[in-house]
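> Sequence first, predicted coordinates after that:
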Amino acid sequence: MRLRGILEGFKPYEWESSTLDIAKKFGLDPDKILRFDTNTMPFHPERLLKILNQKLLNLRVNEYPEPSYLELREALAEYLGRSVDEITVTAGCDEALDILSKVFIDPKTKVLVSTPTYAMYRVVVEAMGGKIVNIQRKPDFSDDVEKIVEAVDDKTRIIFLCNPNNPTANPTSEETVLRLLKETDCAIVVDESYFEFYGKSFVNLIDKYENLIILRTFSKAFSLAGARVGYMVANRKTIDILNIMRPPNSLTVISLALAKIALENLEWVKENVKKVIEEREKLIEDLKKIDGVHVYPSVTNFLLVRFVKGDVNHIHRKLLEKGIITRNVGSHPMLENCLRITVRKREENMVLVENLERILSELGG
């Protein structure tokens, strides 16, 4: 077969092994494995599925969905307080990133990312032959806006900002976004996948800046990671451009219905978010009590944890042996000896804490 030359040496997106693979490897019951690595909600959307069940017989799954996804966009417009023409729906944020790369990236053009951050930005850019320019964050993980501005040239097409940032769990400042919007003419893409936990957005800036694109998802706060629904918000002219590369039928009729049901049950969503935020603060306090653990501040549903003693690979492996899957980010610059840990239910979080206490105590002084 004749493959694209770009595949030679291409580094794909990395993720933890599947639940079944880990269960087989360590002789564990798959149903008892706890995933602290995916940043999803610990609450099964039974309420939403019951409502969906009442609608299933009337869903026309024998037909393609309406290609503009108008019903969901109308519900999103109400949720956001924006025009329906400022929204386009995608199969999760990853399809949104794929669309952005196809719209903006030519071979050898550049994209700036404030690193460490979400790895998929690099993957979609390099897949199109673009070049990622990593701008290292400041020691407190804030964006180094001075260095970002300095790195912009006539080949720069996109600047990615993750707000709040994955995996460092800290927000992007409004000053940073405004400066980049004012001083550059490339696309400023702000990934707000964790918006519902943070509560602050830059959506209203699209009125003034055509180069601002906001990404959102139903995968986190809405408990619908498996439904694969995301969306982009931007100035109407920008949305029209993005839609040139958007596939017409990448979402299922069922996923679209579920997302709309979720927006009709916002109080349920908000209550779950509140529970996770409350549990996040408890988990932070529990982890801080463990000798050798440093927990960074978080405005998301996950924590970045650095181990002052012990090797993160050993700790990660020991947790895996107990069926506790965390995200090992220790190989990334600035994240040496760090795990990213999703906030789950109280009883699940305590299993994590108790195992970490035991593992670290066994390491000794």
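Right, received. Where do you want to start?
> drop to CA atoms for contacts and neighbour counts, all remaining ones
Fine.
> Can you show me the helices along this protein?
With DSSP state H as the criterion, the chain has helices at 19-26, 46-55, 70-80, 92-104, 120-127, 145-151, 174-183, 195-198, 236-242, 253-263, 266-288, 312-321, 346-363.
> So which elements touch the third one?
Right, helix 70-80. Packed against helix 70-80 by the contact rule (3 or more Cα pairs under 8 Å, 6 or more residues apart in numbering; DSSP states H and E) you find strand 87-90, helix 253-263.
> Quick check, residue 100 in contact with residue 242.
Yes - Residue 100 is within contact range of residue 242, at 7.0 Å (criterion: Cα atoms under 8 Å).
> picking that back up, need the helices of the chain in a markdown table (columns: distance to residue 114, mean pLDDT and mean neighbour count).
Shown next, in a markdown table, are these (distance: least, Cα to Cα, whole Å; pLDDT from 0 to 100; neighbours: other Cα atoms under 10 Å):
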| stretch | distance to residue 114 | mean pLDDT | mean neighbour count |
| --- | --- | --- | --- |
| helix 19-26 | 31 | 92 | 15 |
| helix 46-55 | 36 | 97 | 13 |
| helix 70-80 | 27 | 98 | 17 |
| helix 92-104 | 16 | 97 | 21 |
| helix 120-127 | 11 | 96 | 22 |
| helix 145-151 | 8 | 97 | 15 |
| helix 174-183 | 11 | 97 | 15 |
| helix 195-198 | 18 | 98 | 20 |
| helix 236-242 | 23 | 98 | 16 |
| helix 253-263 | 31 | 98 | 20 |
| helix 266-288 | 25 | 98 | 17 |
| helix 312-321 | 24 | 96 | 18 |
| helix 346-363 | 30 | 95 | 15 |
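> Nearest to residue 9 among those would be which one?
Among the helices of the chain, the nearest to residue 9 by Cα to Cα is helix 120-127 (11.0 Å).
> contact partners of the closest one?
Helix 120-127 is contacted by residues 6, 11-13, 94, 97-98, 101, 105, 111, 113, 131-132, 160 when judged by Cα atoms under 8 Å, 6 or more residues apart in numbering.
> which of the residues you listed are buried?
Buried members of these, scored by 16 or more other Cα atoms under 10 Å, are 94, 97-98, 101, 105, 111, 113, 131-132, 160.
> For those, work out which two are farthest apart.
Greatest spatial distance in these: 94 and 131, 18.4 Å, computed using Cα to Cα.
> where's the residue nearest the centre of the chain relative to residue 343, distance?
Nearest to the geometric centre of the chain sits residue 193, at 5.0 Å (Cα atoms, centre = their mean). Residue 193 sits 16 Å away from residue 343, going by Cα to Cα, to the nearest Å.
> What are the contacting residues of stretch 21-34?
When contacts are defined by Cα under 8 Å, 6+ apart, stretch 21-34 is touched by residues 19-20, 320-321, 323-325, 348.
> Can you tell me which of those residues lies closest to residue 253?
residue 19 (27.6 Å).
> Residue 42 against residue 345, yeah?
Yes - counting by Cα under 8 Å, residue 345 is a contact partner of residue 42 at 6.3 Å.
> So these two - more neighbours on which side?
More crowded of residue 42 and residue 345, by other Cα atoms under 10 Å: residue 42, with 19 against 16.
> Next, find the distance separating the more buried one from residue 348.
Distance, residue 42 to residue 348, by Cα to Cα: 9 Å.
> And residue 282, by the same measure?
Applying Cα to Cα to residue 282 and residue 348 gives a distance of 12 Å.
> And for residue 23?
Relative to residue 348, residue 23 is positioned 18 Å away (Cα to Cα).
> and the helices and strands packed on helix 70-80 as a markdown table, adding distance to residue 181?
Shown next, in a markdown table, are the helices and strands packed on helix 70-80 (distance: least, Cα to Cα, whole Å):
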| stretch | distance to residue 181 |
| --- | --- |
| strand 87-90 | 20 |
| helix 253-263 | 30 |
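> Ok, which of these comes nearest residue 117?
The closest of the helices and strands packed on helix 70-80 to residue 117 is strand 87-90. By Cα to Cα, the value is 21.3 Å.
> and the closest one, what's its mean pLDDT?
Strand 87-90 shows a mean pLDDT of 98.
> what's next to it, contact-wise?
Strand 87-90 has contacts (Cα under 8 Å, 6+ apart) with 68-69, 72-73, 76-77, 96, 229-234, 236, 239, 243, 246, 250-251.
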